[in-house]
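Trainee: Kindly return the folded structure for what I paste below:
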Amino acid sequence: MPIKRHPNLPFAPSKFPIFYGWMAMIAATIGIICSIPGQTIGVSVFTDYLIDALQLSRDALSSAYLIGTAMSSLFLTKAGKVYDKFGARFTAILAACTLAFTLLLFSISDQMSGSISSMTNISFSTISFVLVSALFFMLRFSGQGVLTLASRNMLMKWFNKRRGLANSISSGIQSFGFAVAPLFVASIIHSTNWSAAYLIMAAIIVAFIIFAYIFFRDNPEECGLIPDGKVIEEKKKKAFKDSNKQFTLKEAKKTPIFWVYALAIAFSAFFITGFTFNVVSIFEISGYSEQKALSIFIPASLISIVAALAGNVISDYMPLKRILIIYLIGCMLSCIGLSCLSHWSGYYILILGNGLMGGLFSVLASITWPRFFGQDHLGAISGLAMSLMVFGSAIAPLFFSRIFTLTGSYQLAGIAGGVLVIILLLFSLKLNNPQED
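Mentor: Numbering: from 1, shown residues only. Coordinates of the predicted model:
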């Protein structure tokens, strides 16, 4: 029995003064930006404060992050099925409510640990480790996982032939938002404290919940509209359309191309998470300041914006395999930059690599699944892909942290990442769109 979603409440998108897909694009973009507290780039600013307040070592906090994030990855495929059933608005609001509540708990996590420790006579650090593992699970599942999934898939459904254009605009705004977020959050912490900063972010998410109810709509068809707002004439230039065949999750998992693209996209989550989670430490041992470390996201975001704009636009006319290859070259540059960061050239190679990787990630993570496998089971298929991304981001902080603990540097992390990228690059050369098989 179909679920009634009430798309015309509180207003009918069909009566919006412009094609509502553009409003859906803005809403989806805001949704993804509001996921920042659950993304590694939002967590990283609090890393050293949590280590001190919760009396945990860097390895212990990384382990808690791994546990919480890995656990969240186990439920994202099911969350994708919930999205397929209930739509973007319900899923996004549910995720945002969980995220706001989690941020509230984070703000008092040290007090909670102290109270539980006093009542149970269990050491403070043991209680804080268990508590923060659970909070990381809620944070990552709701923010990085479900809110991002619902927002991104909503955007994809509102456009077909203009999907690349719409995603390019959204990606550019996202890149800028993610780039300035660390400095913005750090400024809040410095002007108040880390606990108050969590409360302020929770209040922002509460405001987003109201926004999502007003503006989120799952797809144009349920609103009496069609993708792109009108039928667009075929261009002389070849344009890539949606899938004719609608793959189920089971069918998609049997295709090699799903795993290569999913693992390639997951690499970005792995590398960026490991790098961002330890960014201050990575730059400190290379002779850079905290300000220099947090500022690296600004120039990388400028490159990312250009890469996202170009990649999304040409994705309407170019096979995704070519974009994947350029993306993997960006991944390789990031690995090289990390390995030689102590040399002045490493800093700029890292910026270039992170920019290319981040910009083209937004193209591949959004456009791959509807183009290759269709929209009927988009939530479930993208949910599995996101599970791999989240699992990659789960193991990264501890992987980077252990390498630093054992070797005194992060160079080996870059080398290991480079080997994995080469393997993915070799496999990617042999795969084509499953719609053409």
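Trainee: quick one: low-confidence ranges for the stretch 1-150 of the chain?
Mentor: Applying pLDDT under 70 to the stretch 1-150 of the chain flags the ranges 1-4.
Trainee: In the stretch 301-437 of the chain, where is pLDDT below threshold?
Mentor: Using pLDDT under 70, the stretch 301-437 of the chain drops low at 436-437.
Trainee: so where do the helices sit in it?
Mentor: In the stretch 301-437 of the chain, the helices defined using DSSP state H, counting those that start in this stretch lie at 320-339, 344-373, 378-407, 411-428.
Trainee: between those, which one is nearest to residue 86?
Mentor: With Cβ to Cβ, the closest approach to residue 86 among the helices of the stretch 301-437 of the chain belongs to helix 378-407: 9.5 Å. Yep, even glycine has a C-beta here, placed from its N, CA and C like the rest.
Trainee: how far out from the middle of the chain is the closest one?
Mentor: Mean C-alpha position of helix 378-407 versus that of the full chain (Cα atoms, centre = their mean, to the nearest Å) differs by 11 Å.
Trainee: So for that helix, what gets flagged as buried?
Mentor: Within helix 378-407, the residues scored as buried using 16 or more other Cβ atoms under 10 Å are 378-404.
Trainee: for stretch 126-141, same thing?
Mentor: Within stretch 126-141, the residues that count as buried by 16+ other Cβ under 10 Å are 126-129, 131-141.
Trainee: Tell me the one of the residues you listed nearest residue 88?
Mentor: For these, the closest approach to residue 88 (Cβ to Cβ) belongs to residue 141, at 17.1 Å.
Trainee: Now for the spatially closest residue to the closest one that is not a sequence neighbour: which residues touch it?
Mentor: Counting by Cβ to Cβ, 6 or more residues apart in numbering, residue 141 lies nearest to residue 72, which is 3.6 Å off, once chain neighbours are set aside. When contacts are counted by Cβ atoms under 8 Å, 6 or more residues apart in numbering, residue 72 is found next to 137, 140, 141, 144, 145, 390, 394.
Trainee: on that earlier part again, just so I know, which of the helices of the stretch 301-437 of the chain lies nearest residue 85?
Mentor: helix 378-407 (8.1 Å).
Trainee: what angle do that closest one and helix 320-339 make?
Mentor: 20 degrees (axes from the mean of the first three to the mean of the last three Cα atoms, to 10 degrees).
Trainee: and the angle from helix 378-407 to helix 411-428?
Mentor: 140 degrees.
Trainee: Just want the phi and psi numbers for the residue lying closest to residue 395 once chain neighbours are set aside.
Mentor: Distance criterion Cβ to Cβ, 6+ apart; nearest residue to residue 395, sequence neighbours excluded, is residue 66 at 5.8 Å. The phi/psi pair for residue 66 (degrees, to the nearest 10) reads phi -60, psi -50.
Trainee: Could you do the one 4 residues further on as well?
Mentor: The phi and psi torsions at residue 70 (degrees, to the nearest 10) take the values phi -60, psi -40.
Trainee: start the count at 39, not 1, going forward
Mentor: OK, 39 is where the count begins now, so the last one is residue 108.
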